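Asker: give me a 3D structure for the following:
(one chain, ligands or ions: 1)
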Amino acid sequence: MNYQALFEQIKKKKSFLCVGLDSDMKKIPTHLLSSTDPVFEFNKAIVDATADYTVAYKPNVAFYECRGAVGWRSLEKTVIYIKDNYPDIFLIADAKRGDIGNTSKMYASAFLENMPFDSITVAPYMGEDSVTPFLEYDNKWVILLALTSNKGAFDFQFFEENNKKMFEKVLEKSQEWGTKENMMYVVGATKAEMLSDIRKIAPDHFLLVPGVGAQGGSLKEVAKYGMNQSCGLLVNSSRGIIFADTSDQFAIIAQIKAKELQKEMENLLIEYSIL
Ligand SMILES: O=c1ccn([C@@H]2O[C@H](COP(=O)(O)O)[C@@H](O)[C@H]2O)c(=O)[nH]1
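Answerer: As a prediction, the model looks like this:
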């Protein structure tokens, strides 16, 4: 999916929501546990309930990898199900990969070639040759960690040299490798006030913004400081939607939560003249 197609989806659905499929086996509703693949059944129900309100899904690979081959199979079935049934929805592998070039090539092939993901999150720490192998696929995206939502972000990302913070250097330098058509950045909703400075360095790029819902970030603040003329935002909520309820009503409650966020997003898209 390219930049314009993503923007068209945002306008069509009046939403810039990304639903995070952090499908922790320990939280799967008990009535699904007797099926052969409870995580896939859970994801399928969540996807069918929320697809009208979201433009992206983001399975966090950790929740699948931790279960070995069975988990990988659930992940693969989930992304194939989404691509087959909702082909216009943007798929993010939240895998936070990045290694020497020769190894990054293998990670890129795993997620962008052998599974139908549109994008993958990548850690920038190892620099250019660790990132560029992910950029070799047409219509696929790298989502580079810039300023993360967690407390540990303050350990390295604010390190300053020549008046430039490390995350600002990441935003600036990486624009030599990719463009707004194949690179996005992760910026945590918990640090929304930093978005206006980030927009000075990356005015046009899409930003993947996790941290609303369970981590307490404010959607309003994110839109106020981060929205650009093409919206430029994919705001993720995982636990706040998929585990809002863990009874046999989980899918309908997830739908209500996704619809609430979509409605808030619609109002913000109107307020900032995108719709
Ligand atoms: O800075 C970051 C980068 C990634 N994440 C991931 O996003 C989701 C957030 O889940 P919630 O349940 O909505 O808190 C999760 O997969 C994180 O690993 C992030 O939170 N912050």
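Asker: now the longest helix along the chain: mean pLDDT?
Answerer: In the chain, taking DSSP state H as the definition, the longest helix is helix 250-271. Taken as a whole, helix 250-271 has a mean pLDDT of 98.
Asker: that helix near the ligand at all?
Answerer: No. Helix 250-271 does not reach the ligand (C-beta under 6 Å from any ligand atom); its nearest approach is 11.1 Å. (Glycine included, C-beta is placed from N, CA and C.)
Asker: what does that helix contact?
Answerer: Applying C-beta atoms under 8 Å, 6 or more residues apart in numbering, the contact partners of helix 250-271 are 10-11, 13-17, 19, 29, 42, 45-46, 48-50, 53-54, 212, 219-220, 223, 227, 231, 235, 237, 240-245, 275.
Asker: one more: stretch 214-229?
Answerer: Taking contacts as C-beta under 8 Å, 6+ apart, the residues outside stretch 214-229 that touch it are 149, 187-190, 192-196, 198-199, 203-204, 207, 209, 211-212, 232-233, 235, 237-240, 261, 264-265, 268, 271-272, 274.
Asker: cool, stretch 124-131 as well?
Answerer: 98-101, 104, 122-123, 142, 144-146, 170, 174, 176-178.
Asker: near the ligand, which residues of the stretch 151-275 of the chain?
Answerer: For the stretch 151-275 of the chain, the residues in contact with the ligand (C-beta under 6 Å from any ligand atom) are 186, 188, 210, 211, 213, 214, 215, 236, 237, 238, 239, 240.
Asker: these, buried ones only, as a ChimeraX selection?
Answerer: Buried residues among these (16 or more other C-beta atoms under 10 Å), as a ChimeraX selection:
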select :186,188,210,211,213,214,215,236,237,238,240
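Asker: just the residues of the stretch 151-275 of the chain next to the ligand: which are in helices?
Answerer: Using DSSP H, 239, 240 are the members of these that sit in helices.
Asker: want to try a markdown table for the residues of the stretch 151-275 of the chain next to the ligand, with distance to residue 166 and pLDDT as columns?
Answerer: Output for those, formatted as a markdown table (distance: C-beta to C-beta, whole Å; pLDDT from 0 to 100):
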| residue | distance to residue 166 | pLDDT |
| --- | --- | --- |
| 186 | 14 | 98 |
| 188 | 15 | 98 |
| 210 | 19 | 98 |
| 211 | 19 | 96 |
| 213 | 27 | 88 |
| 214 | 26 | 90 |
| 215 | 21 | 96 |
| 236 | 23 | 98 |
| 237 | 27 | 98 |
| 238 | 26 | 98 |
| 239 | 28 | 98 |
| 240 | 29 | 97 |
